[in-house]
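>>> here is my input; please provide its structure:
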Amino acid sequence: MNEHERHRQRVYKRFLREGLAGFEEHNAMEFLLFLAHVRGDTNEIAHAVIDRFGSLSRALDAPYEDLITVKGIGPTSAVVLKFIPQMCAYYLENKTKKNEKLNSSERMADYLRPKFFGKTTEEFYMVALDEKSNILRCVQISAGTGNATSVAASKIVAEAVKAEAAAVVLAHNHPRGSAMPSASDLCATRAVMNALETVGVTLLDHLIFTETEYLSFADSIYLQRIRDGLPGAQR
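Residues are numbered from 1 along each chain as shown. Model (predicted):
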């Protein structure tokens, strides 16, 4: 066993003993790169990645095309790094109880949060519920770039009718911004609410997620103002 292999064994043992909490960013990145580099030293590469993108999280969010420009990061390493946020989201979603009733904003947030984990572009989802708030299906309505995605009320209505839904919950993310709704968010919500009413489906809530928080239209003033048709449903 050479020095690099002994170093890996020390890192593995430290992880099993302490977890990742005490690792510096470059140590955690080095650990990830062990998965792509069966042998050899990944410490220098880990420092290069962190220096290039500024932090571990920004490196994991970086496009594949940017990752492979870093010396020592080839296609396999880049795929491993892109895989990590997706696996985290998969884990969180898999852990969520599929048969849990979404009868509160907290439960809605717990169910929907994994959909936006590690996402750097705006995405929009609809959850169809039966009359007892059981989940019938969850559908991605649209995905955009940056902080812009289109919302088609007709598509949401079609999906709600297909699922024979009694109610609907909407959710989208603001990857780089505040959880407060924009004017276009409010207009889109009003359009969806009106369209759903024509087929007898209730809009229960609209949740906006950021990296660290979420806002519920139902728990704030926004949904009631929209329901009442008030022009003041603005920020």
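>>> now do the domain split for this structure, please.
The chain breaks down by automatic domain parsing into domains covering 3-92, 99-227.
>>> now the shortest one: average pLDDT?
pLDDT averaged over domain 3-92 equals 90, rounded to a whole number.
>>> which ones are touching residue 34?
Residues counted as contacts of residue 34 (Cβ atoms under 8 Å, 6 or more residues apart in numbering) are 8, 11, 42. Every residue, glycine included, has its C-beta placed from N, CA and C.
>>> and it, how far from residue 106?
Separation of residue 34 from residue 106 (Cβ to Cβ, to the nearest Å) stands at 38 Å.
>>> among the contacts of residue 34, who's most crowded?
Using other Cβ atoms under 10 Å as the neighbour criterion, residue 42 leads these with 25 neighbours.
>>> from residue 130, how far out is the spatially closest residue to that one that is not a sequence neighbour?
Among residues not flanking residue 42 along the chain, residue 33 sits closest, at 3.8 Å (Cβ to Cβ, 6 or more residues apart in numbering). Taking Cβ to Cβ as the measure, residue 33 falls 46 Å from residue 130.
>>> how about residue 167?
For residue 167, the distance to residue 130 under the criterion Cβ to Cβ works out to 8 Å.
>>> hang on, the earlier thing: quick one: residues contacting the residue nearest to residue 42.
Applying Cβ under 8 Å, 6+ apart as the definition, the contact partners of residue 33 turn out to be 42, 45-46, 49, 77, 80.
>>> so who does residue 107 touch?
The neighbourhood of residue 107, defined by Cβ under 8 Å, 6+ apart, consists of 100-101.
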